[in-house]
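Visitor: With the input below, show me the fold.
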Amino acid sequence: MIRIDIPGEDAANPHGYAARTHGRGGCLFKGSVSTQHLSLREFEGARSRIAQINGCIICQQFRAAKDAPSMFAATGVRPGHLICDNGPAPDEGFYAAVETWRTA
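Guide: Numbers count the residues shown, from 1 in each chain. Down below sits the predicted model:
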């Protein structure tokens, strides 16, 4: 289980803090799959489920479409392509159904 203590001065931007202190990928889904070819919905489904399994609250609350641009801004590096460029953002109902993905 991943636990990250967020200092008070970083409370307004926990994702930026995680990106700065735990690598540019922070708690984001990374692996052998080339994520740039996934739709945002596919990426978020996998990333969100991994966050649930790992028990990372910050990652469970992360929404790539909303949070990735500011996370990368906090590192001072913005890639030319972000996963959030790969289609429309899932709604909150999607995230609520991730845990029960087999029947949702």
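Visitor: residue contacts, residue 69?
Guide: Listed by C-beta atoms under 8 Å, 6 or more residues apart in numbering, the contact partners of residue 69 are 78, 82, 84. In this view, the C-beta of every residue, glycine as well, is placed from N, C-alpha and C.
Visitor: right, and the last one touches residue 65 too?
Guide: The reference is to residue 84. Yes: between residue 84 and residue 65 there is a contact under C-beta atoms under 8 Å: 4.5 Å.
Visitor: which neighbours do those two share?
Guide: Taking C-beta under 8 Å, 6+ apart as the contact rule, residue 84 and residue 65 both touch residue 40.
Visitor: tell me the mean pLDDT over stretch 60-80?
Guide: For stretch 60-80, mean pLDDT rounds to 82.
Visitor: quick one, helices of the chain?
Guide: With DSSP state H as the criterion, the chain has helices at 14-21, 40-54, 57-61, 64-75, 92-97.
Visitor: Which one, of those, ends up nearest to residue 103?
Guide: Residue 103 lies closest, by C-beta to C-beta, to one member of those: helix 92-97, at 8.8 Å.
Visitor: residues in contact with that closest one?
Guide: Helix 92-97 is contacted by residues 41, 44-45, 48, 63, 104 when judged by C-beta under 8 Å, 6+ apart.
Visitor: Can you give me the distance of the residue of the chain positioned farthest from its centre to residue 97?
Guide: No residue in the chain has its C-alpha farther from the mean C-alpha position than residue 103, which lies at 23.2 Å (C-alpha atoms, centre = their mean). Distance of residue 103 to residue 97, computed by C-beta to C-beta, to the nearest Å: 9 Å.
Visitor: quick revisit: can you select the buried ones among the contacts of helix 92-97 for me in ChimeraX?
Guide: With 16 or more other C-beta atoms under 10 Å as the criterion, this ChimeraX line picks the buried residues out of those:
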select :44,45,48
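Visitor: so which pair among the contacts of helix 92-97 is furthest apart in space?
Guide: The largest separation in those, counting by C-beta to C-beta, is between 63 and 104 at 17.9 Å.
Visitor: Low-confidence ranges, the protein, go.
Guide: Across the chain, the ranges flagged by pLDDT under 70 are 1-3, 19, 22-36.
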